[in-house]
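**Q** show me how the following folds:
(one chain, ligands or ions: 1)
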Amino acid sequence: MNYENILTRIEGKVGVVQFNRPKALNALSPELMDETMTALEAFDADPAIGCLLVTGSDRAFAAGADIKAMATAGVVEMMADTFISHWDRFKNIRKPVVAAVSGYALGGGLEFAMACDMMIASETARFGQPEIKLGVIPGAGGTQRLTKAVGKALAMEIVLNDRMLTAEEAATFGLINHVYPVEVYLAEAIKFANQIAERAPLAAQLAKEAVNASFEMPLSASIAYERRLFHLLFGTQDQKEGMAAFVEKRAAEWKGK
Ligand code: CAA
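**A** Numbers count the residues shown, from 1 in each chain. Next up, the predicted model:
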């Protein structure tokens, strides 16, 4: 595929998507979101890929949804929209997704990073939901995912009063996994994603599904769901291989079957 707003590459077993609108600080235009989802869907369907990684530039992961693209839109256009509808495709990605974030992760940029499964950041990363300054609120999950990640008091401050978190604060509040110097954060994120890509593929997909179910269901239902996913893995060759390898004191060889 020839993309205009993103770059793609494969690093080991990791499919990398890089936002590439440097002049607009990677603002997430409908075209960029369409291309991003198309690339992620292709990597998700590729059996040689075990984990996906989304990144931006050192200066900006993404400075939000594209303000210029939606500035004059009315409510009917927004509801009919291509502005946010591409985002819905993300929930169908089955493989784990790591976000490698540096510089600005604002508005839709932070919302996209939070929709990923894990986040690695550079020390220069800044996380915020500044939509209030535009007379709107987050519209791609920000108020919900941020509140679940950092709690109500801090989420209110970020959404209502344009509080921006440093990478160190984001790590302290549990929003992100690891922080590295800007020179190495991307290499570290790719290494991290490749470790995940080496895991038993079907178990990794169901592990992601089970953790995400905790955000959707009451506890008793999500525990019952987890149990069924656990049972399901006993129908795979990888479960037999993983347990036989443990007993035989050797490394397991995963087939994804
Ligand atoms: N949409 C469109 N263009 C954007 C953009 C955005 N979200 N963010 C930055 N840009 C553009 C700027 O307009 C500018 O373009 P020009 O050179 O053509 O003027 C270029 O990127 C560089 O930006 P700045 O000159 O502003 O750079 P800076 O270093 O002075 O400031 C910044 C950086 C603080 C990130 C500032 O650009 C900014 O505040 N951006 C907007 C952040 C924002 O409000 N995000 C929320 C968007 S709404 C949203 O995301 C809704 C949702 O929930 C789905």
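**Q** please count neighbours and contacts with C-alpha atoms only from this point.
**A** OK.
**Q** interface residues of the chain facing the ligand?
**A** Within the chain, the positions adjacent to the ligand are 23-25, 27, 63-68, 104, 106-108, 130-131, 138-140 by C-alpha under 6 Å from any ligand atom.
**Q** Gln195 sits in which helix or strand?
**A** Taking DSSP states H and E as the definition, Gln195 sits inside helix 185-197.
**Q** buried stuff in the helix or strand following that helix?
**A** Counting by DSSP H and E, the next helix or strand C-terminal to helix 185-197 is helix 201-213. For helix 201-213, burial by neighbour count (16 or more other C-alpha atoms under 10 Å) applies to Pro201, Leu202, Ala203, Ala204, Gln205, Leu206, Ala207, Lys208, Glu209, Ala210, Ala213.
**Q** shouldn't the last one be in contact with Ser222?
**A** Pointing back at Ala213 there. Yes - contact criterion C-alpha atoms under 8 Å: Ala213 and Ser222 qualify, at 6.1 Å.
**Q** neighbours around the residue nearest to Tyr3 when sequence neighbours are not counted, how many?
**A** Among residues not flanking Tyr3 along the chain, Glu35 sits closest, at 6.6 Å (C-alpha to C-alpha, 6 or more residues apart in numbering). Neighbours of Glu35 under the rule other C-alpha atoms under 10 Å: 22.
**Q** OK, contacts around Glu35?
**A** Shown in contact with Glu35 (C-alpha atoms under 8 Å, 6 or more residues apart in numbering): Tyr3, Asn5, Ile6.
**Q** before we move on, what about Trp254?
**A** Contact analysis of Trp254 by C-alpha under 8 Å, 6+ apart lists Arg199, Ala200, Pro201, Asp238, Glu241, Gly242.
**Q** so who does the fifth one touch?
**A** Contacts were defined as C-alpha under 8 Å, 6+ apart; by that measure Glu241 touches Ala252, Glu253, Trp254.
**Q** which one among these gets closest to the ligand?
**A** Looking at the contacts of Glu241 and their distance to the ligand, the nearest is Trp254, at 38.8 Å (C-alpha to the nearest ligand atom).
**Q** how near is His87 to Ile67?
**A** No, residue 87 isn't His; it's Trp. To Ile67, Trp87 is 16 Å away according to C-alpha to C-alpha, to the nearest Å.
**Q** what helix or strand is Thr143 on?
**A** For Thr143, the host element (DSSP H and E) is helix 142-150.
**Q** hmm, back to that, could I get the contacts of Trp254 in TSV, plus columns for pLDDT?
**A** Formatted as TSV, these follow (pLDDT from 0 to 100):
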residue	pLDDT
Arg199	98
Ala200	98
Pro201	97
Asp238	98
Glu241	98
Gly242	98
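**Q** if we only consider the buried residues of helix 201-213, which is nearest to the ligand?
**A** Ala213 (23.1 Å).
**Q** circling back: between the helix holding Gln195 and helix 201-213, how big is the angle?
**A** Angle, helix 185-197 to helix 201-213, by axes from the mean of the first three to the mean of the last three C-alpha atoms, to 10 degrees: 110 degrees.
**Q** so what touches helix 185-197?
**A** The contact list for helix 185-197 (C-alpha under 8 Å, 6+ apart) reads 11-14, 49-53, 96, 98-100, 120-122, 179-180, 204.
**Q** mind doing that once more with 7 Å?
**A** Residues external to helix 185-197 that are found in contact with it (C-alpha atoms under 7 Å, 6 or more residues apart in numbering): Gly12, Lys13, Val14, Gly50, Cys51, Val98, Ala100, Ile120, Ala121, Ser122.
**Q** now it, how far from the chain's geometric center?
**A** Put simply, helix 185-197 sits 14 Å off its chain's centre (C-alpha atoms, centre = their mean, to the nearest Å).
**Q** over to stretch 59-71?
**A** Centroid separation for stretch 59-71 versus its chain: 17 Å, with C-alpha atoms, centre = their mean.
**Q** what's the local residue count around Glu111?
**A** Other residues lying near Glu111 total 26 when counted by other C-alpha under 10 Å.
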